[in-house]
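> Quick one, structure for this:
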Amino acid sequence: MTLPDPKRTATVNIGAQPKSSAYERAKRGPLAVSAQQLKEGSSNLPSWKDRSGVQQSFLDVRAPQWYLNTRALLERNFQYEEPIATCAAGLTISIDEAQSIITQAINVAEHKIGLKFQLANNSNAKYPRSPKDPCVKLLAEKIALRLDALAQHSPALVEEGVFTYISNVQKTNRLVLTDASQAPNLRKWMVLIRKLQCEDLSIRIVGFLVKGVRINLDQQLKLLNLSRATPIHWVNAHNQNSRSALNHLAIDIVCRLDRKKAPIVLSSEAFRYAMAVAAIAQIWREPKYQEPKTLSPTKHNRQTFDVPAVVQESLFS
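Residues are numbered from 1 along each chain as shown. Prediction:
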């Protein structure tokens, strides 16, 4: 399967378009606000009455246009069944570009990251629905802004990091090291996380317990260039009858959210969503030089992106 150039015409048909616009009938819905703010070039901030729980550091976030356009297009087309031509006109993008985003979303949904995608109302196609919690939504915009800045200076790092994530992320939002051959890509992915320099995100290393038993994971930590002193968050393995999980090490991206009673640390849905949108928009590619991406089947008959190798020294300098 070939991922199309976002500037070229896509050929996918995701289902018959409705005669009337569900989006127009939902003028008071959240996407109506998004469309208006897209015209103003600003972030989709919550109303003042909803801002009490929003961290102050998020209030000045202005998400990049590719993020806002992709988010609004996916929800207007997939959720509200808005015709692509109408969406494109409302977002002031070409029909070809809008159609290509839809195609990319369908292709990305075939990967492991698509396990949490929503089904479209008018077809079996799936898409990432944006977070509804104001704090999570604004954190996703902040991550998108950092990804955008990094992609301008290190496009290869962002490309390979995003593809590693969407091809390997579990439903728990974790990436799991089960074999030494996975270590190089996971190391590069962690470099991407660190270079984002997002103080609201952090890497959490996860180990697995089987019937209360755990083993020393020093070798796995070494494969990822992590110190033996790295804190490990221990959780029960999903399958308590298999000891193989004892040798696995997972990487979780967590965020700290301020709540009324006390701050809480959660596996970051905002990060998952921002990475999905970045993969759909392919933010690392300069429009003049975009070439189709190819997908190649794996031994498990899953599909994974065929990503060109990046010189390791440039990633760890």
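
> in the chain, which spans are strands?
Ranges of strands in the chain, per DSSP state E, are 2-3, 118-119, 126-127, 175-177, 201-209, 232-236, 249-257, 264-267, 293-297, 303-305.

> What residues sit buried inside stretch 193-203?
Neighbour-count burial for stretch 193-203, counted by 16 or more other CB atoms under 10 Å, picks out 193, 195-196, 198, 200-201. In short, each C-beta sits where N, CA and C put it, glycine included.

> Identify the residue with the minimum pLDDT among those.
When the buried residues of stretch 193-203 are compared on pLDDT, residue 200 comes out least confident, at 80.

> isn't that one right next to residue 253, touching?
No. Using CB atoms under 8 Å, residue 200 makes no contact with residue 253, being 10.5 Å away.

> Burial check on residue 112, number of neighbours?
16 (other CB atoms under 10 Å).

> And residue 72, by the same measure?
Residue 72, neighbours per other CB under 10 Å, totals 22.

> So which bits of stretch 83-103 are buried?
Result for stretch 83-103 [16+ other CB under 10 Å]: buried residues 83-84, 86-88, 90-91, 93, 95-103.

> can you give me the end-to-end distance of it?
14 Å (CA to CA, to the nearest Å).

> So which of the buried residues of stretch 83-103 sit within helices?
84, 86-88, 90-91, 95-103 (DSSP state H).

> between these, which is nearest residue 134?
Nearest to residue 134 among these: residue 91, at 22.6 Å, using CB to CB.

> The closest one contacts residue 75, correct?
No. Counting by CB under 8 Å, residue 91 stays clear of residue 75, with 11.5 Å between them.

> In the buried residues of stretch 193-203, find the pair that's most separated.
195 and 200 (15.1 Å).

> a markdown table for the strands of the chain, including distance to residue 282?
Shown next, in a markdown table, are these (distance: least, CB to CB, whole Å):
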| stretch | distance to residue 282 |
| --- | --- |
| strand 2-3 | 8 |
| strand 118-119 | 21 |
| strand 126-127 | 16 |
| strand 175-177 | 21 |
| strand 201-209 | 22 |
| strand 232-236 | 33 |
| strand 249-257 | 21 |
| strand 264-267 | 25 |
| strand 293-297 | 8 |
| strand 303-305 | 11 |
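
> closest one to residue 163 among the ones you listed?
strand 303-305 (4.3 Å).

> can you give me the mean pLDDT across that closest one?
33.

> Residue numbering should commence at 47 henceforth.
Yep, numbering from 47; the last one is strand 349-351 now.

> tell me the contacts of residue 327?
Going by CB atoms under 8 Å, 6 or more residues apart in numbering, residue 327 touches 52, 112-113, 115-116, 147, 150.

> out of these, who's nearest residue 274?
So of the contacts of residue 327, ranked by how close each gets to residue 274 (CB to CB), first place is residue 113, at 38.5 Å.

> The closest one - how many residues pack around it?
Other residues near residue 113 come to 25 when the count uses other CB under 10 Å.

> returning to that earlier point: closest to residue 157 out of the strands of the chain?
Going by CB to CB, the one of the strands of the chain nearest residue 157 is strand 349-351, 6.9 Å.
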